[in-house]
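Q: predicted model follows, preceded by the sequence.
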Amino acid sequence: MNKAYNAVITGVGMYVPDKILDNAFFEKIVDTTDEWITTRTGIKERRKLETGATSDLATKAAEDLLKTHNVNAEDIDVIIVATITPDMFFPATACLVQENIGAKKAWGFDFSAACSGFLFAYQTACSLVESGTYKKVLLIGADKMSAIVDYSDRNNCILFGDAAAAVLIEPTEDKSVGLQDSILKCDGSGKNFLYLKGGGSLNPPTHDTVDKRMHYLYQDGKAVFKVAVKGMADISYELMVKNNLTSDDIAYLVPHQANLRIIDATAERMGLSKDKVMINIDKYGNTTAATIPLCLVEYYRAGKIKKGDNLILSAFGAGFTWGASYLTWSMD
Ligand code: UT7
């Protein structure tokens, strides 16, 4: 593919709310145990935003990025917020973030692809930069999952948390760094296994939709697990083969954090040892569009990612949506 530029990540930021919901909390509100949650998912804690909305999470992650990397908000060209928990159907959360951070010249939009939201939006953001059209794209993965989780449903309430993380994407003429390749997929036949059916044009909100709890996320966990474990592992391996990468060439797998067993299966398929897999599901649970950038920020700030490292980002989520992206890290 002929690209004018490569798209590189030049800044990162994150925000997680202070309030921690540990497994002991769920032992009190539903019929579950710390042991079940830990062994079946790998999750020990997740965060909950007590007041505010997704735009507040996203704004704080953006502000962290701008401050840390000394970037002027007025220089941002585009803001993309990957989320399935926008503050409202419209205006887009990206517009709310634009105002909050004072990104006076930016345009922006929200991107809905559930747990693959960051990955799909990352490809999109990079394309805007690779063409030479835009110089600074702020991409934020943000979800307030606590807004759509039914805390009486033990199958699902233990899984999700609230968080946001951001990356800044800029052009470079150095083709050895930045996004190298992606394989992205969706298959709408997965629509009956993971969804939120109330409140949209299919089932506009009524007393009946609320009585039927249709404003909450529904997941057939076992069914999703089966396709997710294969989908994430297969596509990550396919991307390696397509780019002639061996496990030695890869510094890290950066997987969507839905279930430690899905992550382990993906790493095993790719031939990667545990030290080459970014994990923070134990601290944050599944934060949907925020999981992958949250890993990137934490590992980068801990000094664990070096310039020139090859990373494979990989996700699976509602839709179904899934995919993998191969990038070479460019920040010192
Ligand atoms: O991020 C988007 C994509 N989503 C995913 O990738 C998630 C995919 N799914 C999963 O991660 C797993 O399926 C879950 C963690 C959701 C569930 O784990 P599982 O090993 O698939 O459990 P299960 O659904 O097969 O349930 C096993 C048993 C059931 O009891 P019976 O029918 O065997 O008596 C459940 O009722 O565990 C029961 N169970 C629980 N027990 C204690 C379900 N939730 C709980 C719970 N605590 N919280």
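A: On my side now, so go ahead.

Q: residue boundaries of the strands in the stretch 1-150 of the chain?
A: Remark: strands assigned in the stretch 1-150 of the chain by DSSP state E, counting those that start in this stretch are 6-15, 20-22, 45-47, 78-82, 107-111, 137-144.

Q: out of those strands, which gets nearest to Ile312?
A: Closest of these to Ile312 is strand 6-15, at 14.5 Å (criterion: CB to CB). (Each C-beta comes from the backbone N, C-alpha and C, glycine too.)

Q: tell me the helices and strands packed up against that closest one.
A: Here strand 6-15 touches helix 54-68, helix 117-130, strand 162-172, strand 178-186, helix 291-301, going by 3 or more CB pairs under 8 Å, 6 or more residues apart in numbering; DSSP states H and E.

Q: switch to 10 Å and redo it
A: Strand 6-15 makes packing contacts with helix 54-68, helix 117-130, strand 137-144, strand 162-172, strand 178-186, helix 291-301, strand 321-328 when contacts are defined by 3 or more CB pairs under 10 Å, 6 or more residues apart in numbering; DSSP states H and E.

Q: tell me the strands beside the fourth one, with direction?
A: What it means is strand 162-172. The strands that strand 162-172 pairs with in its sheet are strand 6-15 (antiparallel), strand 137-144 (antiparallel) (by DSSP bridges).

Q: could you list the buried residues of that strand?
A: Using 16 or more other CB atoms under 10 Å as the burial criterion, the residues of strand 162-172 that qualify are 162-171.

Q: and the residue of the stretch 101-250 of the chain nearest the ligand?
A: Gly221 (2.7 Å; CB to the nearest ligand atom).

Q: hmm, that residue is touching Phe160, no?
A: No: judged on CB atoms under 10 Å, Gly221 makes no contact with Phe160 at a distance of 11.9 Å.

Q: got a list of what the spatially most central residue of the chain touches?
A: Closest to where the C-alpha atoms of the chain average out (CA atoms, centre = their mean) is Ala289, at 2.8 Å. Neighbouring residues of Ala289 by CB atoms under 10 Å, 6 or more residues apart in numbering: 54, 58, 81-85, 110-121, 139-143, 145, 163-165, 256, 315, 317.

Q: same check, this time on Val78
A: Counting by CB under 10 Å, 6+ apart, Val78 touches 94, 98, 103, 105-109, 124-125, 128-129, 133-139, 169.

Q: if we go to 8 Å?
A: Residues counted as contacts of Val78 (CB atoms under 8 Å, 6 or more residues apart in numbering) are 106-108, 125, 128, 134, 136-138.

Q: give me the number of residues near the nearest residue to it once chain neighbours are set aside?
A: Of all residues not flanking Val78 in the chain, Val137 sits nearest, at 4.5 Å (CB to CB, 6 or more residues apart in numbering). By other CB atoms under 10 Å, 27 other residues sit near Val137.

Q: coming back round to it: looking at neighbours, which among the contacts of Val78 is most surrounded?
A: When neighbours are taken as other CB under 10 Å, the top entry among these is Leu138 (31 neighbours).

Q: hang on, isn't that residue packed against Asn100?
A: No: Leu138 is beyond contact range of Asn100, at 12.0 Å (criterion: CB atoms under 8 Å).

Q: which residues do these two both contact?
A: Ala62.

Q: next up, the contacts around Asp309.
A: Residues in contact with Asp309, defined by CB under 8 Å, 6+ apart, are 251-252, 328-329.

Q: can we see that at 6 Å?
A: Taking CB atoms under 6 Å, 6 or more residues apart in numbering as the criterion, Asp309 is in contact with 251, 329.

Q: so how far is Ala233 from it?
A: According to CB to CB, to the nearest Å, Asp309 stands 21 Å off from Ala233.

Q: repeat for Leu57
A: Here the criterion is CB to CB. By it, Leu57 lies 30 Å from Ala233.

Q: between those two, which is the more surrounded one?
A: Just comparing Leu57 and Ala233: by other CB under 10 Å the higher neighbour count belongs to Leu57, 32 against 23.

Q: grab the nearest non-local neighbour of the more buried one.
A: Once flanking residues are discounted, Leu57 sits nearest to Ala164: 3.7 Å by CB to CB, 6+ apart.

Q: isn't the one you found up against Pro17?
A: No: counting by CB atoms under 6 Å, Ala164 does not reach Pro17; the two are 9.6 Å apart.

Q: got the domain ranges for the protein?
A: Domain assignment for the chain by automatic domain parsing gives 6-172, 178-328.

Q: so which of those is the most surrounded?
A: Each of these was scored by mean neighbour count; the highest is domain 6-172, a mean of 21, by mean count of other CB atoms under 10 Å.

Q: the helices in the stretch 201-332 of the chain, which residues?
A: All helices of the stretch 201-332 of the chain, identified by DSSP state H, counting those that start in this stretch, fall at 207-211, 221-242, 260-270, 281-284, 291-301.

Q: just put the helices and strands packed on strand 6-15 in TSV and tack on distance to Leu196 and mean pLDDT.
A: Conversion of those to TSV gives the following (distance: least, CB to CB, whole Å; pLDDT from 0 to 100):
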stretch	distance to Leu196	mean pLDDT
helix 54-68	14	98
helix 117-130	14	98
strand 137-144	12	98
strand 162-172	16	98
strand 178-186	17	98
helix 291-301	18	98
strand 321-328	15	98
